[in-house]
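J.: After the sequence you'll find the predicted model.
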Amino acid sequence: MTQAFVALGSNLDEPAARVRDALAWLAEQPGLKLVGHSSLYRTAPVGYLDQPDFINAVAELDSELAPHDLLARLLALETGAGRVRTFRNAPRRLDLDLLWQAGHVVNDAVLTLPHPRMLERAFVMIPLAELAPDLLMHDGRRARDIAVLLGMDGIVRVDD
């Protein structure tokens with residue numbers, strides 16, 4: 001089993017329920033163990049701004065799956081939840097990003113690990129730092145230190 005972190009997000013059709021359903025689905029998957037998850041956070045959209053706020057969270061998994069197999073499982077969940085890819089940063093029913101998997105660095109046409117933009121995204125780093133504050137990032141900094149630098153602007157913890 002290897003430790004992995006997955007970002008979850010939704011901004012359509014009861015997004016908090018969609019994120020909670022995705023967490024439950026991850027907990028039931030063969031080859032995966034849901035170790036824990038962050039609180040839910042309401043976050044302002046990034047990129048395309050004319051859309052509803054998102055609900056975001058991060059899950060910690062123990063995975064028997066290789067990175068590409070884990071990504072395929074996550075993409076299947078997105079599709080099953082009704083995600084349709086229309087344009088970059090579009091509204092979505094469910095978005096799952098494989099952020100990091102212990103011992104794996106991947107850079108190919110399908111997957112880049114660690115996630116190439118995670119250190120720039122407060123909506124990823126705030127929940128990740130809540131869940132694993134001492135996680136050492138690929139740039140040598142800890143998750144909590146990056147989260148502090150990014151700040152909480154546009155991010156509100158949702159009581160769940």
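T.: Looks like it arrived, so ask away. Numbering: from 1, shown residues only.
J.: Give the buried residues for the helix or strand harbouring residue 61.
T.: According to DSSP states H and E, residue 61 maps onto strand 54-63. Neighbour counts over strand 54-63 (16 or more other CB atoms under 10 Å) mark 54-61, 63 as buried. Every residue, glycine included, has its C-beta placed from N, CA and C.
J.: Please enumerate the strands of the chain.
T.: Under the criterion DSSP state E, the chain contains strands at 2-10, 32-37, 40-43, 54-63, 95-101, 106-107, 112-113, 155-158.
J.: With distance to residue 82 and mean pLDDT as added columns, please give those strands in JSON lines.
T.: JSON lines is the format used below for the strands of the chain (distance: least, CB to CB, whole Å; pLDDT from 0 to 100):
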{"stretch": "strand 2-10", "distance to residue 82": "10", "mean pLDDT": "97"}
{"stretch": "strand 32-37", "distance to residue 82": "21", "mean pLDDT": "98"}
{"stretch": "strand 40-43", "distance to residue 82": "20", "mean pLDDT": "97"}
{"stretch": "strand 54-63", "distance to residue 82": "16", "mean pLDDT": "98"}
{"stretch": "strand 95-101", "distance to residue 82": "12", "mean pLDDT": "96"}
{"stretch": "strand 106-107", "distance to residue 82": "27", "mean pLDDT": "96"}
{"stretch": "strand 112-113", "distance to residue 82": "25", "mean pLDDT": "96"}
{"stretch": "strand 155-158", "distance to residue 82": "22", "mean pLDDT": "95"}
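J.: Please tabulate the buried residues of strand 54-63 in JSON lines, including the columns distance to residue 83.
T.: Formatted as JSON lines, the buried residues of strand 54-63 follow (distance: CB to CB, whole Å):
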{"residue": "54", "distance to residue 83": "13"}
{"residue": "55", "distance to residue 83": "15"}
{"residue": "56", "distance to residue 83": "15"}
{"residue": "57", "distance to residue 83": "16"}
{"residue": "58", "distance to residue 83": "18"}
{"residue": "59", "distance to residue 83": "17"}
{"residue": "60", "distance to residue 83": "22"}
{"residue": "61", "distance to residue 83": "20"}
{"residue": "63", "distance to residue 83": "21"}
